[in-house]
Structure formats: C-alpha cells, structure tokens
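>>> kindly generate the corresponding structure for this input.
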Amino acid sequence: MFGIPGKQAVTLTPAAIGQITKLMAREGHKGLRIGVKKGGCAGMEYTMDYVDEIEAHDELIETEGARVMIAPMAQMFLFGTEIDYETSLLESGFKFKNPNVVDACGCGESIKFDETLFAKK
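So this is what the prediction gives:
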C-alpha cells in the first residue's frame, strides 16, 4: 500500500457519499472500484465499476456507508485525491481532484500523471 499510515488514499465529499450510497442501495452492489487505465489523448483515464466482491488487495475506503475500493495498481496514482459528485445544467458525474495530475485533455476525460510516479524506487 502507498501513502501515509492511517491516512486514506482518497477522500469523499458529502455529495459523492450521497451518490455512492444511492447507487449501492439501488443496484445492490457492495460499492465502487476506482482504477486507472491507459487511454485518452492525455494518456490515462479513470475507471469506475460496480463491485460485488471486495478483492484482497483493494484498498477499502468506507465513509458514512459509502464504499469505494481502490484497485492495487491505481493506489499510487490516486493518493491525495478528493472525489466529488457535481450536477450542472448540462451534466452530472463524479469529479476527481487529484494532486498527482499534471495535465488533462480539453474535455476532462483523460489525464496525465507526474512522471515521478512511474520511477522505480
């Protein structure tokens, strides 16, 4: 696991907690798994999937009944991230405020991480 002992990799805003809790109750899932994958014009994309089983190496974030699992390969990329849920006139969705992102594409769907995260330690 990456990060600081006793500190969660990600935090959830009240709006994100409400939306995740709503999705869990409506769909009957155990939570959401968040990861990253290669793709998009900036190089990487976030992934979100419903979870029916918590995997042994996932980092479990549980806040006020909302459950988020961080996939093992994503933990170093997401450390320090705040997840919010925003609703506007044109769209609604989860928003990631990630201090490890150094660039994003114009549409906001694709991100680029600080290269030092890839360096072997």
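>>> quick check on the residue lying closest to residue 9 once chain neighbours are set aside: phi, psi?
Residue nearest to residue 9 in three dimensions, not counting chain neighbours: residue 79, with 4.9 Å by CB to CB, 6 or more residues apart in numbering. The way it works is simple: take the backbone N, C-alpha and C, and place the C-beta from them, glycine included. Backbone torsions for residue 79, taken as degrees, to the nearest 10, come to phi -60, psi 130.
>>> how far away is residue 79 from residue 99?
From residue 79 across to residue 99, the span is 8 Å (CB to CB, to the nearest Å).
>>> quick revisit: hmm, the residue nearest to residue 9 is touching residue 113, no?
No: Residue 79 lies out of contact with residue 113 (CB atoms under 8 Å); the separation is 11.1 Å.
>>> what is in contact with those two at once?
Both residue 79 and residue 113 are in contact with residue 100, where contact means CB atoms under 8 Å, 6 or more residues apart in numbering.
>>> more neighbours, residue 79 and residue 99?
Per other CB atoms under 10 Å, whichever of residue 79 and residue 99 has more neighbours is residue 79, with 21 against 10.
>>> distance check, that one against residue 10.
Residue 79 is 8 Å from residue 10, by CB to CB.
>>> likewise residue 85?
From residue 85 across to residue 10, the span is 13 Å (CB to CB).
>>> these two: who's more crowded?
Each of residue 85 and residue 10 has its neighbours counted (other CB under 10 Å); residue 10 has more, 23 against 18.
>>> tell me which strands and helices the biggest helix by length in the chain is in contact with?
Scanning the chain for the helix with the most residues, using DSSP state H, yields helix 14-27. Counting contacts by 3 or more CB pairs under 8 Å, 6 or more residues apart in numbering; DSSP states H and E, helix 14-27 packs against strand 31-39, strand 66-70, strand 81-87.
>>> kind regards, and thank you for your time.
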